[in-house]
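Student: 3D model of this:
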Amino acid sequence: MLYTARSFNKDTYNQYDNYAKEKIINFLVMRGHLIINDKEDYNHDLVTKKNGILYYFELEVKIGYPFTSKNDYRFDTVSFLGRKKRLHDINPFYYLIICKETSCVLFCSSDNIFKDKYLQKLTVNTNNRKGDDQMYRVPISICNFFKI
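Tutor: Numbering: from 1, shown residues only. Modelled structure (predicted):
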């Protein structure tokens, strides 16, 4: 495999998938969204409908780098997983990163993420992922934040 850090990590998935979905589903339902699909089918994490429009979401949980807004986010860029581009090619989506410590959500439209100018090949070395991968490093200025 060219990008070895892309391997699926079942432990991480089991630890955070339900947590992220519960948080975001509750938030969206309170704002008038109808949940169309939240089952694991290896496509978008969540599909909703509001006012006749379908919305697609990818969810990620971030720990160890707490943030409450753009003002205290530690980095000038946000790293989005390159392997998610295949989902953008199916249906553009909102990519949400939930801060576990603060319940703040950083989000960006995949239309703004998956651009060649943001693509970088990185060597990843974390507890859960090791090896080469592609990431899209997007300026924090084009991301948005909200608190759950």
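
Student: just for the protein, where's the confidence low?
Tutor: 1-15, 128-129 (pLDDT under 70).

Student: the longest helix in the protein is where?
Tutor: Using DSSP state H, we find that the single longest helix of the chain is helix 10-29.

Student: Now tell me what touches that one from outside.
Tutor: For helix 10-29, contacts defined as C-beta atoms under 8 Å, 6 or more residues apart in numbering pick out 35, 38, 40, 45-46, 48, 57, 59-61, 96, 98, 100, 103, 105, 128, 148. (Each C-beta comes from the backbone N, C-alpha and C, glycine too.)

Student: Among those, name the buried ones.
Tutor: 38, 45-46, 48, 57, 59, 61, 96, 98, 100, 105 (16 or more other C-beta atoms under 10 Å).

Student: Which two among these are spaced furthest apart?
Tutor: The largest distance within these, taken as C-beta to C-beta, falls between Thr48 and Lys100 and amounts to 22.5 Å.

Student: Without its sequence neighbours, what residue ends up closest to Leu122?
Tutor: Excluding the flanking residues, the one nearest Leu122 by C-beta to C-beta, 6 or more residues apart in numbering is Met135, at 5.3 Å.

Student: Kindly report the same for Leu106.
Tutor: Closest residue in space to Leu106, ignoring its immediate chain neighbours: Ile97 at 4.5 Å, by C-beta to C-beta, 6+ apart.

Student: Which strand or helix spans that neighbour?
Tutor: Element membership for Ile97 (DSSP states H and E) is strand 94-99.

Student: Give the partner strands of that strand in its sheet and their orientations.
Tutor: The pairing partners recorded for strand 94-99 under DSSP bridges are strand 53-62 (parallel), strand 104-109 (antiparallel).

Student: now the helix or strand just after the last one: how far from the chain's centre is it?
Tutor: Once the chain leaves strand 104-109, the next helix or strand it forms, by DSSP H and E, is helix 110-113. Here helix 110-113 shows a centroid-to-chain-centroid distance of 11 Å under the convention C-alpha atoms, centre = their mean, to the nearest Å.
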